[in-house]
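[1] here's my sequence, what's the structure:
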Amino acid sequence: MKTEKRVEDSRTEQIQLLMPQHINGTGRLFGGKLMEWIDIVGGVAARRHSECDVITAAIDNLQFKEGAYKNDTLVLIGRVTYVGNTSMEVRVDTYVEELSGTRRPINRAYMVFVALDGEGNPTRVPRLTIETESQRAEWEGALKRNELRKIRRTEGY
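    Predicted coordinates:
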């Protein structure tokens, strides 16, 4: 396993074409289905970074900005934004891609995954190389989100 990896090493993209079985009673994408896809993309990004199996430890920010409808093309893009010792924060952005190729954001999620060794125990993950100002801003934001997670755990929510 490498001791350090770039953000781009974890980048994961998934495409979904919305079918009738993905639509809820209001004619929009069922939120639970989108959450499933986000968890998969986030998990793959975390696996790519850690080179280990991972488990979802937290989904602490999931913002539904707009709806998506039958026959829309969804693009989900995930990448690691922060690493601790055994955990990784992953950001997953979801877009509707128009036929012209233009993408409009419909969701952003931040999740935490923990890397597991062969026995299912938490294991150390590679450090994260920050290469751009955007990545640095994500890292700084992750520090704040991590503090909020700690507060929520101690307060029991």
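
[2] which helices and strands does the helix ranked longest in the chain pack with?
    If you go by DSSP state H, the chain has its longest helix at helix 133-155. In this structure, helix 133-155 makes packing contacts with strand 53-64, strand 73-83, strand 87-97, strand 103-116, judged by 3 or more C-beta pairs under 8 Å, 6 or more residues apart in numbering; DSSP states H and E. The C-beta positions use only the backbone N, C-alpha and C, and glycine is treated the same way.

[3] between strand 87-97 and the second one, find me the angle.
    Using axes from the mean of the first three to the mean of the last three C-alpha atoms, to 10 degrees, one finds that strand 73-83 and strand 87-97 are set 160 degrees apart in direction.

[4] can you check the longest one too?
    Interaxial angle, strand 103-116 versus strand 87-97 (the same axes, to 10 degrees): 160 degrees.

[5] next SSE downstream of strand 103-116?
    Moving toward the C-terminus from strand 103-116, the next helix or strand (DSSP states H and E) is strand 127-129.

[6] which residues are in contact with the lowest-mean-pLDDT helix or strand in the chain?
    Ranking every helix and strand in the chain by mean pLDDT, DSSP states H and E puts strand 53-64 at the bottom, with a mean of 90. The contact list for strand 53-64 (C-beta atoms under 8 Å, 6 or more residues apart in numbering) reads 31, 34-35, 38-39, 42-43, 46-47, 87-88, 106-116, 145, 148-149, 152.

[7] and it with helix 133-155, angle?
    100 degrees.

[8] thought Glu8 was touching Arg79?
    Yes: between Glu8 and Arg79 a contact is recorded at 7.4 Å, counting by C-beta atoms under 8 Å.

[9] higher neighbour count, the two?
    Per other C-beta atoms under 10 Å, whichever of Glu8 and Arg79 has more neighbours is Arg79, with 24 against 12.
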